[in-house]
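Got a predicted model here, sequence first, then my questions.
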Amino acid sequence: MVGLANPRWSARRFDADASVTEAELVVELREVVRGLSVSNSILKRWRYANATHVLAGGFLELAERCWVAGDGFGSVAGENNGVERAVRSALSVAAAIQVT
Ligand SMILES: Cc1cc2nc3c(=O)[nH]c(=O)nc-3n(C[C@H](O)[C@H](O)[C@H](O)COP(=O)(O)OP(=O)(O)OC[C@H]3O[C@@H](n4cnc5c(N)ncnc54)[C@H](O)[C@@H]3O)c2cc1C
């Protein structure tokens, strides 16, 4: 099982002791998955793995039939994770291609 924290949760704890943060994440996981038994866990932290500024909208069309998509589009305030923004952006390009 992989527990992903949202950017705000991670930012608040980035410089905290890793074992404390790991224990807090396990507590959060147990809130989400009732009855969960955790026998082992590993905490991973990547400070620069998330876009801090993103462009509004799903994508850019640079030229006719030339689109730019990725995790640089969407909403950080909405707390979507990077992969989620990238997938949503790609889907919006796919929808635009179908229309054109
Ligand atoms: C260590 C790490 C951990 C992460 N963990 C998480 C996580 O737990 N949850 C989460 O939601 N997100 C996580 N992310 C973020 C996630 O990986 C990105 O949000 C996602 O990969 C963005 O997808 P993308 O398609 O926008 O960009 P990318 O996946 O970066 O794809 C860009 C592609 O463009 C190619 N490229 C770049 N320049 C050129 C060029 N000039 N010409 C041709 N090709 C080019 C690159 O080679 C690459 O294949 C993590 C990122 C890192 C680095």
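It's in. Residues are numbered from 1 along each chain as shown.

nearest residue to the spatially most central residue of the chain other than its sequence neighbours?
The centroid of the chain falls nearest to N81 when counting by Cα atoms, centre = their mean (1.3 Å). Leaving out its chain neighbours, the residue that sits closest to N81 by Cβ to Cβ, 6 or more residues apart in numbering is L4, at 6.1 Å. No exception for glycine: its C-beta is placed from N, CA and C like everyone else's.

Check whether that neighbour really touches E84, as I assumed.
No: counting by Cβ atoms under 8 Å, L4 sits too far from E84 to count as a contact (9.5 Å).

Which one's more surrounded, those two?
E84 (15 against 11; other Cβ atoms under 10 Å).

Name the helix or strand for that one, please.
helix 82-99 (DSSP states H and E).

Return the residues in contact with I42.
Counting by Cβ atoms under 8 Å, 6 or more residues apart in numbering, I42 touches E22.

Kindly report the residues of this protein close to the ligand.
Taking Cβ under 6 Å from any ligand atom as the contact definition, the chain meets the ligand at L4, W46, A49, G70, D71, N81, G82, V83, E84, A86.

So among the residues you listed, where is pLDDT lowest?
Least confident entry in the residues of the chain next to the ligand, by pLDDT: N81, with 76.

Model confidence at L60, what's the number?
L60 is given a pLDDT of 95.

which ones are touching it?
W67, V68, F73.

Could you rerun that using 6 Å?
The contact partners of L60, by Cβ atoms under 6 Å, 6 or more residues apart in numbering, come to V68.

I'd like the residues of the chain next to the ligand laid out as JSON lines, including distance to A96.
As requested, the residues of the chain next to the ligand are exported to JSON lines (distance: Cβ to Cβ, whole Å):
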{"residue": "L4", "distance to A96": "28"}
{"residue": "W46", "distance to A96": "31"}
{"residue": "A49", "distance to A96": "28"}
{"residue": "G70", "distance to A96": "15"}
{"residue": "D71", "distance to A96": "18"}
{"residue": "N81", "distance to A96": "23"}
{"residue": "G82", "distance to A96": "21"}
{"residue": "V83", "distance to A96": "20"}
{"residue": "E84", "distance to A96": "19"}
{"residue": "A86", "distance to A96": "16"}
